[in-house]
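Undergrad: how does the following fold in three dimensions:
(one chain, ligands or ions: 1)
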Amino acid sequence: MKAVLALADGRIFKGKSFGATGETTGEVVFNTAMSGYQEVLTDPSYKGQMVTMTYTQIGNTGINPEDIESNQLYLSGFIVREYLDCYSNWRATMSLDAYLKENGVVGIQGIDTRALTRHLRDKGAQNGIISTVDFDPESLVRKARAIPSMAGLDLATGVTCAQPYHWTEGLWDLADGYPQVDKKDLKYKVVAYDFGIKLNILRCLVSAGCDVTVVPATFPAESALEMNPDGIFLSNGPGDPEPMTEVIENIKKFVGKKPIFGICLGHQLLGLALGGRTIKLKFGNHGSNLPVMDMATRKVEITAQNHGFSVDILSLSHACRLGHENLNDQTVEGMAHKELPIFSVQHHPEASPGPHDSHYLFGRFVELMEKHK
Ligand SMILES: NC(=O)CC[C@H](N)C(=O)O
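TA: From the prediction side, this is the model:
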């Protein structure tokens with residue numbers, strides 16, 4: 001079946017439908033990961049976005065019940081060069097096409113993703129529409145222009161958990177799959193704020209020895225402090241951090257009281273809570289092959305990333321130093337407080353998908369909590 005992708009600036013791409021049919025809108029971004037499309041599909045940070053995979057063949061490892069980063073697909077559309085229905089993987093239980101259909105996600109294949117990516121890189125990420133029902137370019141572009149810009153959208157408070165819960169599952173291994181970690185091995189009590197948290201972050205925290213209680217985005221700081229945690233964790237999540245004023249006020253109450261570690265949206269919210277500012281990048285960074293330098297050790301790590309916003313480190317010079325730097329575009333990849341046990345990173349040390357170079361950051365959080373116990 002025919003499908004069309006139209007961008008708000010008028011550029012049209014014709015392709016073929018896969019996954020669910022119908023019409024869908026969102027901000028079109030590109031992801032440069034060569035594998036791990038299932039983790040991309042289930043990453044809550046993609047809410048409101050349509051993801052273009054730059055890797056050319058997608059679908060060949062199918063879908064398995066284990067490589068999920070949340071229980072839902074949050075992205076609003078999936079754009080690929082060549083979809084492969086014939087999958088092969090020892091864990092796979094269904095095809096990508098069936099998975100997208102089951103979850104109501106509209107996909108489009110046969111797109112010149114190189115041309116699309118170059119266009120987004122030159123003109124910037126922008127809103128778009130995929131349709132299998134309307135093929136009139138003018139009407140499609142009009143609809144793409146009518147949807148709100150990602151800047152200014154608080155999407156995280158819409159994807160957070162409803163109630164606090166406890167998490168005890170550790171990192172996957174070939175022999176045992178996902179282990180349940182014994183309570184006696186979990187020495188550090190962590191309250192993890194869920195702004196759309198990826199499950200592998202929780203698994204990394206548990207495997208690093210953390211006893212994790214996940215709480216909703218607006219869970220009062222006072223109640224979290226009553227739990228007497230050793231540290232506070234701030235998660236990734238979708239949308240713009242700036243409109244999340246209630247959450248930012250809440251985070252301020254932990255500063256100077258507890259060690260804090262933030263990832264991605266959590267890093268941006270922390271920057272705002274410390275008095276800094278965030279900006280929207282032209283097209284952001286989405287992929288699992290992005291080089292970053294840890295400014296403390298000057299070691300380079302290859303990282304997983306998924307963000308469209310960034311912290312302006314100059315706005316934070318009163319409190320923080322640059323912790324990590326993106327070596328491709330020199331954007332702020334992390335910050336460390338000059339006096340307090342607080343640090344955060346823009347990239348994803350939990351990978352999923354991606355290399356494990358940055359796993360050491362969970363150990364760094366544990367060391368901070370040990371020092372300030
Ligand atoms: N992965 C994330 O946490 C993304 C953070 C934020 N939504 C951004 O796009 O920059």
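Undergrad: so how far is residue 304 from the residue most central in space within the chain?
TA: Ranked by distance to the mean C-alpha position of the chain (C-alpha atoms, centre = their mean), the top residue is residue 45 at 4.1 Å. As for residue 45, its distance to residue 304 is 11 Å (criterion: C-beta to C-beta, to the nearest Å). Every residue, glycine included, has its C-beta placed from N, CA and C.
Undergrad: who's in contact with residue 222?
TA: Under the criterion of C-beta atoms under 8 Å, 6 or more residues apart in numbering, the contact list for residue 222 reads residue 253.
Undergrad: with residue 287 instead?
TA: 31-33, 54, 304-306.
Undergrad: in contact with residue 243, which residues?
TA: 152-154.
Undergrad: hmm, residue 192 is touching residue 203, no?
TA: No: counting by C-beta atoms under 8 Å, residue 192 does not reach residue 203; the two are 11.7 Å apart.
Undergrad: for the host helix or strand of residue 30, packing partners?
TA: Secondary-structure element containing residue 30, defined by DSSP states H and E: strand 23-31. Helices and strands in packing contact with strand 23-31 are listed as strand 49-53, strand 77-79, helix 113-123, strand 126-131, helix 137-146, strand 277-294, strand 299-312; criterion 3 or more C-beta pairs under 8 Å, 6 or more residues apart in numbering; DSSP states H and E.
Undergrad: over to the closest residue to residue 165 other than its chain neighbours. Which of the three states is it?
TA: The spatially closest residue to residue 165, leaving aside those adjacent along the chain, is residue 214, at 5.4 Å (C-beta to C-beta, 6 or more residues apart in numbering). Classification of residue 214 by DSSP: H, G, I helix; E, B strand; the rest coil places it in strand.
Undergrad: residue 200 contacts residue 350, correct?
TA: Yes: here residue 200 lies in contact with residue 350, judged by C-beta under 8 Å, at a distance of 4.1 Å.
Undergrad: nearest to the ligand: which residue in the stretch 1-150 of the chain?
TA: As assessed by C-beta to the nearest ligand atom, the ligand sits closest to residue 45 within the stretch 1-150 of the chain, at 3.3 Å.
Undergrad: contacting residues for that residue?
TA: When contacts are counted by C-beta under 8 Å, 6+ apart, residue 45 is found next to 74, 196, 198, 236-238, 264-265, 306-307.
Undergrad: and the ligand, which of these contact it?
TA: Judged by C-beta under 6 Å from any ligand atom, the overlap between the contacts of residue 45 and the neighbourhood of the ligand comprises 236-238, 264-265, 306-307.
Undergrad: okay, helices next: where are they in the protein?
TA: Assignment of helices within the chain using DSSP state H yields the ranges 37-41, 96-102, 113-123, 137-146, 199-207, 221-226, 245-252, 265-273, 360-371.
Undergrad: still on that earlier bit, can you name the two of the contacts of residue 287 that sit furthest apart?
TA: Pairwise distances across these (C-beta to C-beta) peak at 14.6 Å, for the pair 54 and 304.
Undergrad: between those two, which has more neighbouring residues?
TA: Remark: of residue 54 and residue 304, residue 304 carries more neighbours, 30 against 17, as counted by other C-beta atoms under 10 Å.
Undergrad: surely the more buried one and residue 353 touch.
TA: Yes: checked against C-beta under 8 Å, the pair residue 304 and residue 353 is within contact range at 6.5 Å.
Undergrad: overlap in contacts, these two.
TA: Counting by C-beta under 8 Å, 6+ apart, the shared contacts of residue 304 and residue 353 are 33, 288.
Undergrad: dump the residue contacts of the residue lying closest to residue 140 once chain neighbours are set aside.
TA: Setting aside the residues directly before and after it, residue 140 is nearest to residue 6 in space (C-beta to C-beta, 6+ apart), at 3.7 Å. For residue 6, the set of contacting residues under the criterion of C-beta under 8 Å, 6+ apart consists of 12-13, 128-129, 131, 137, 140-141, 143-144.
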